[in-house]
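# no letters, just coordinates:
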């Protein structure tokens, strides 16, 4: 059983953003985070889940993911994502990340649990701290897909 806790943050939406994740299984504990120069909160929430799943060393794991993101959890648990896939993501954002998530989700048995953000949940608070600290760093990564799509939208 692997527990994953995730959070994403952005200063401005869009703006600099980051994600934080904690992976825990028995005596094993790992923290992940990264910051991006221009992105959105929803992208960082979803990327936190993706990067945590990518960090798993074995397939067919039983994974519980705790997140404060209604965007991520509702899209999966309420099966919105299946509808978006059937419609080719028409009018939906973050297709690149959702497709990455779908590939990873086929490798594991995943259960999502929603936790209220900024409500004193220790792992959620730590993930928020990781995410915020990540986007406050120098030399932020580039969310190339987001910036390319934003650039196209600004030309329209």
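Done, it's in. All figures in this text were calculated on a predicted structure; none of them were measured in a lab. Numbering: from 1, shown residues only.
# and the gap between the residue sitting nearest the centre point of the chain and residue 32?
Most central in the chain under C-alpha atoms, centre = their mean is residue 46, positioned 2.3 Å from the mean C-alpha point. Residue 46 sits 14 Å away from residue 32, going by C-beta to C-beta, to the nearest Å. The way it works is simple: take the backbone N, C-alpha and C, and place the C-beta from them, glycine included.
# what of residue 106?
Distance from residue 106 to residue 32, counting by C-beta to C-beta: 21 Å.
# who has more neighbours, the two?
Neighbours per residue (other C-beta atoms under 10 Å) separate residue 106 from residue 32, with residue 32 holding more: 19 against 9.
# where does the more buried one land on pLDDT?
Here, the pLDDT recorded for residue 32 equals 98.
# I figured it hits residue 51, correct?
Yes: contact criterion C-beta atoms under 8 Å: residue 32 and residue 51 qualify, at 5.5 Å.
# intersection of neighbour lists for the two?
Residues touching both residue 32 and residue 51 (C-beta atoms under 8 Å, 6 or more residues apart in numbering) are 19, 21.
# need the strands for this protein, in chain order.
Remark: strands assigned in the chain by DSSP state E are 2-10, 15-25, 28-39, 62-67, 109-114.
# contacts only, for residue 147.
Shown in contact with residue 147 (C-beta under 8 Å, 6+ apart): residue 38.
# the worst-scoring helix or strand of the chain on mean pLDDT vs strand 28-39, what angle?
When the helices and strands of the chain are scored by mean pLDDT, DSSP states H and E, helix 144-155 comes last with a mean of 88. Using axes from the mean of the first three to the mean of the last three C-alpha atoms, to 10 degrees, the inter-axis angle of helix 144-155 relative to strand 28-39 is 20 degrees.
# which parts of stretch 73-81 are buried?
Neighbour counts over stretch 73-81 (16 or more other C-beta atoms under 10 Å) mark 73, 75-76, 81 as buried.
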